[in-house]
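Novice: Fold the following.
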Amino acid sequence: MRKIEIYEYESDRKAATLALTLLRVAVGAILVAHGWQKLADIPGHVASFGRMGIPAPELSVYLAILGELFGGLGLALGALTPLAAFGPVLVMAGAIFFVHMDKGLFSQQGGFEYPLTLLFVALYFALHGAGPLSVDGLVQRMKRRSIRQRHHVHATSRP
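Specialist: Now for the predicted structure:
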């Protein structure tokens, strides 16, 4: 398979990798903070979810914690990234639909611009993966190294 290189210079590729890594870690940390906030006051958030009209607030709080805290942690580390990022995508879609949609775009009026931004960042990483500076990237490199070593051993052991 031919790899298409979109960067003219190696430094461009490195800068893009660093920028996407910083974006992934920052958004992951923000999501972890929001999930931790909910975990620290579950009864308060159940009541708040109920007042906002979120269905099944007792269950929804736990789903939000799961999506934000664990999904954010997975994003920040770049671990199981497509699965981890799917949680925040669902949580932010629910937040937009149940809480922010009728308030318009702008966050000053309680609108959906902030959860929409988080949703699309998480969606990007769900579809594209974490990149090389991640736990997933490390696992991929280790697998490739192992395959190359097995291939080398197999090739050199033939008579």
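
Novice: In this protein, mark out all the helices, start to finish.
Specialist: Using DSSP state H, the helices of the chain run over 10-40, 42-52, 57-65, 71-77, 81-95, 113-128, 135-156.

Novice: if I look at G72, how far off is R51?
Specialist: Noted for G72: a distance of 24 Å to R51, by C-beta to C-beta, to the nearest Å. From N, CA and C alone the C-beta is placed, and that goes for glycine too.

Novice: now swap in V135 and tell me
Specialist: According to C-beta to C-beta, V135 stands 38 Å off from R51.

Novice: the more surrounded of these two?
Specialist: Per other C-beta atoms under 10 Å, whichever of V135 and R51 has more neighbours is V135, with 15 against 9.

Novice: Next up, the contacts around the spatially closest residue to the more buried one that is not a sequence neighbour.
Specialist: In this structure, V135 finds its nearest non-sequential neighbour in A79, 3.9 Å apart by C-beta to C-beta, 6 or more residues apart in numbering. Contact analysis of A79 by C-beta atoms under 8 Å, 6 or more residues apart in numbering lists L73, A130, S134, V135, D136.

Novice: Could you figure out how far the worst-scoring helix or strand of the chain on mean pLDDT is turned away from helix 81-95?
Specialist: Of all helical and strand segments in the chain, the minimum by mean pLDDT, DSSP states H and E falls on helix 135-156, at a mean of 82. Orientation check (axes from the mean of the first three to the mean of the last three C-alpha atoms, to 10 degrees): helix 135-156 against helix 81-95 gives 160 degrees.

Novice: Which residues does stretch 133-146 contact?
Specialist: Applying C-beta under 8 Å, 6+ apart, the external contacts of stretch 133-146 come out as 17-18, 21, 24, 77-81, 129-132.
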